[in-house]
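**Q** Show me the folded form of this:
(one chain, ligands or ions: 1)
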Amino acid sequence: MTHHLPTVAPFDMAIFGGTGDLAMRKLLPALFRRFVDDQIPPTSRIIGVARAELTDGEYRASVAEALQRALAGHAELLEHIPAFLERVCYRAVDATATAGWQDFATLMRSDDPERVRVFYLSTSPDIFVDICRHLREHNLHRGNSRVVIEKPIGHDLESARAINDAVGTVFEESQIYRIDHYLGKETVQNLLALRFANALLEPLWNAAHIDHVQITVAETVGVEQRGPYYDHSGALRDMLQNHMLQLLCMVAMEPPASLAPDTVRDEKLKVLRSLKPIDAGNAARLTVRGQYRAGASGGGAVPGYLNDLGRDGSRTETFVALKAEVGNWRWSGVPFYLRTGKRLPQRVSEIVVNFRAIPYSIFAEGSGTVQPNKLVLRLQPDEGVKLWLMAKYPGPGGLRLTCVPLDMSFADAFGVAQPDAYERLLLDVVRGNPTLFMPRDEVEAAWRWIDPILAAWQSSSDAPHGYAAGTWGPSASVALIERDGRTWHDDDND
Ligand code: NAP
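**A** This next block holds a predicted model:
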């Protein structure tokens, strides 16, 4: 089944940090794929911006290399690279100085003034303010201009406010797109379809029928070269404050009246504001911090975090598990267990909605245990949905019960490759659709909930629990959920 993909209006997109990892690995390949699918009009321009003195030709050559790397296994797409590169150019600009800005501004103004202009800030947040200031000085912030800002948006509420204030002095809130690429993932958008385009689930989507929800974002990698950056962040800030709370909001929000951007975002904001506080009084009971030690990953021995970091004494967590609760009528008493970490056994992101047990069993004891139903929404890898149901094991030998999944892999069901989240999100910016981006108050509400947890950890003399690389985190994380008579979902054991 093929769907016509609508073309967006011609645009200019300047990528600040255009030579960096994110631009080369994600943004340019995403734009390229949309170009191949004819969604990007040929008159659009993509302008890489960074300090390195490169010619257009040199920049195009490095973009071509990055695309070849990103498209490994898709040789049929390589022939489109030259046409795409015709849309790409480069300007050397130092965000913190005046050099290069006039030239950049002249280039940006050489087109129709009504054309959509996107400024993607794929740089360290330290220079967002400088970039915005220069954009205003050159009058590039007006009209159909939009700015996209990447995480991290601050390291606490105060610093997030400072970034939002600074960007907000130049751009209107409606022009600011705070990106969380998890929201561009197909499964996350499919949550809207599953919940609100089916009559089946919504009547059950509450404390009367749902026992608890688990959200896991597990990585197999360690901190690699990002050690110094990561050490100032940690798993709570890097993953939970943004991606995982966004997922929690999508699961827990009330049905919005429509898909209008503010309507959906208002509902998510209400969830964040309903989260019960975790602070010094209960953090030890409701949160677990871990830090990976040496162990085995990917079939080989790997060093511990401190070794990767190159120094001792860090208390930064590379793993966090916590038990959150949304204090409202729909979710009262339903725990949301969240866990994320590095050097875990599997790279997997998933949401598991665990339904309540049946009230009474008619089956004989020897028939097997009746397991509660589970809905598993897999974000990566192999995006899809599994609904675990009880069924009779086939054949004679009495009525034996077994738990089997109704299994929908999106790739199999639709026969199309799943687009990368950035493909969707970048075109949403061009279209001016902010539904899948975070408004200021959402980012700040998330920090407002996270800050007391960080403060509680800081004031505690406890260090993070060690866990061997290649395991599911410290045993305290297992205890966190097992204390409540529940277990972490494990696809292999179902
Ligand atoms: P990166 O590889 O270090 O790239 C930084 C880019 O900024 C380079 O192109 C650099 O080029 C440019 N730059 C640095 N100082 C500049 C200045 N004064 N003026 C103009 N350009 C300057 O970083 P990254 O990994 O791409 O990450 C970019 C941002 O996205 C960061 O905030 C990061 O946290 C966020 N992010 C990254 C990822 C990812 O997968 N990489 C994922 C999510 C979020 P020059 O040195 O030549 O100027």
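**Q** Tell me which residue is most central in this structure.
**A** Centroid-nearest residue in the chain: residue 182, 2.6 Å away (criterion: C-alpha atoms, centre = their mean).
**Q** quick one: contacts for that one?
**A** Counting by C-beta atoms under 8 Å, 6 or more residues apart in numbering, residue 182 makes contact with 188, 242, 243, 246, 247, 349, 379, 421. Where C-beta positions appear, they are placed from N, C-alpha and C, glycine not excepted.
**Q** if you set the cut-off to 6 Å instead, what comes out?
**A** 243, 246 (C-beta atoms under 6 Å, 6 or more residues apart in numbering).
**Q** Over to residue 125: give its phi and psi.
**A** Main-chain torsions, residue 125, degrees, to the nearest 10: phi -60, psi -20.
**Q** Okay, and the residue nearest to it when sequence neighbours are not counted sits in which element?
**A** In space, residue 125 comes closest to residue 163 once its chain neighbours are excluded; the distance is 5.8 Å by C-beta to C-beta, 6 or more residues apart in numbering. Assigned by DSSP states H and E, residue 163 falls within helix 157-168.
**Q** next one: residue 266
**A** Counting by DSSP H and E, residue 266 is found in helix 261-274.
**Q** what's in contact with whichever strand or helix holds residue 455?
**A** Here residue 455, judged by DSSP H and E, is contained in helix 440-459. Applying C-beta under 6 Å, 6+ apart, the contact partners of helix 440-459 are 153, 156-157, 160, 164, 241, 245, 269, 272-273, 275, 278-280, 283.
**Q** Tell me how many other residues crowd the residue nearest to residue 38 when sequence neighbours are not counted.
**A** Of all residues not flanking residue 38 in the chain, residue 7 sits nearest, at 6.3 Å (C-beta to C-beta, 6+ apart). Residues lying near residue 7 (other C-beta atoms under 10 Å) number 14.
**Q** Now residue 7, what are its backbone angles?
**A** phi -80, psi 140.
**Q** any idea how far it is from residue 39?
**A** With distances taken as C-beta to C-beta, to the nearest Å, residue 7 is found 5 Å from residue 39.
**Q** Tell me the residue of the chain that sits nearest the ligand?
**A** residue 20 (2.3 Å; C-beta to the nearest ligand atom).
**Q** ranges for the helices of the stretch 201-350 of the chain?
**A** 227-231, 235, 245-252, 261-274, 283-286, 305-309 (DSSP state H, counting those that start in this stretch).
**Q** Mean neighbour count and mean pLDDT for the ones you listed - can I get that in CSV?
**A** Formatted as CSV, these follow (neighbours: other C-beta atoms under 10 Å; pLDDT from 0 to 100):
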stretch, mean neighbour count, mean pLDDT
helix 227-231, 16, 91
helix 235, 27, 97
helix 245-252, 24, 97
helix 261-274, 18, 95
helix 283-286, 16, 97
helix 305-309, 21, 95
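**Q** Turn those into CSV, columns for distance to residue 491.
**A** Listed next are the helices of the stretch 201-350 of the chain as CSV, based on distance: least, C-beta to C-beta, whole Å:
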stretch, distance to residue 491
helix 227-231, 28
helix 235, 22
helix 245-252, 18
helix 261-274, 27
helix 283-286, 26
helix 305-309, 27
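**Q** and residue 367, which of these is closest to it?
**A** helix 245-252 (32.3 Å; C-beta to C-beta).
**Q** and the angle from the closest one to helix 261-274?
**A** Counting by axes from the mean of the first three to the mean of the last three C-alpha atoms, to 10 degrees, helix 245-252 lies at 100 degrees to helix 261-274.
**Q** distance between helix 245-252 and the chain's centre?
**A** 11 Å (C-alpha atoms, centre = their mean, to the nearest Å).
**Q** near the ligand, which residues of the protein show up?
**A** 16-23, 50-52, 93-96, 122-125, 127, 150-152 (C-beta under 6 Å from any ligand atom).
**Q** Need the buried ones from the residues you listed selected in ChimeraX.
**A** Per 16 or more other C-beta atoms under 10 Å, the buried members of the residues of the chain next to the ligand correspond to this ChimeraX selection:
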select :16,17,18,19,20,22,23,50,93,95,122,123,125,150,151,152
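**Q** Tell me, how many residues neighbour residue 27?
**A** Neighbourhood size, residue 27 [other C-beta under 10 Å]: 27.
**Q** for it, phi and psi?
**A** phi -70, psi -50.
**Q** do residue 206 as well
**A** Given degrees, to the nearest 10, the pair of backbone angles that residue 206 has is phi -160, psi 180.
**Q** Mind listing what's buried along the lowest-mean-pLDDT helix or strand in the chain?
**A** When each helix and strand of the chain is scored by mean pLDDT, DSSP states H and E, helix 410-414 comes last, with a mean of 81. Buried residues in helix 410-414, counted by 16+ other C-beta under 10 Å: residue 410.
**Q** helices or strands up against that helix?
**A** Helices and strands touching helix 410-414, as assessed by 3 or more C-beta pairs under 6 Å, 6 or more residues apart in numbering; DSSP states H and E, are absent.
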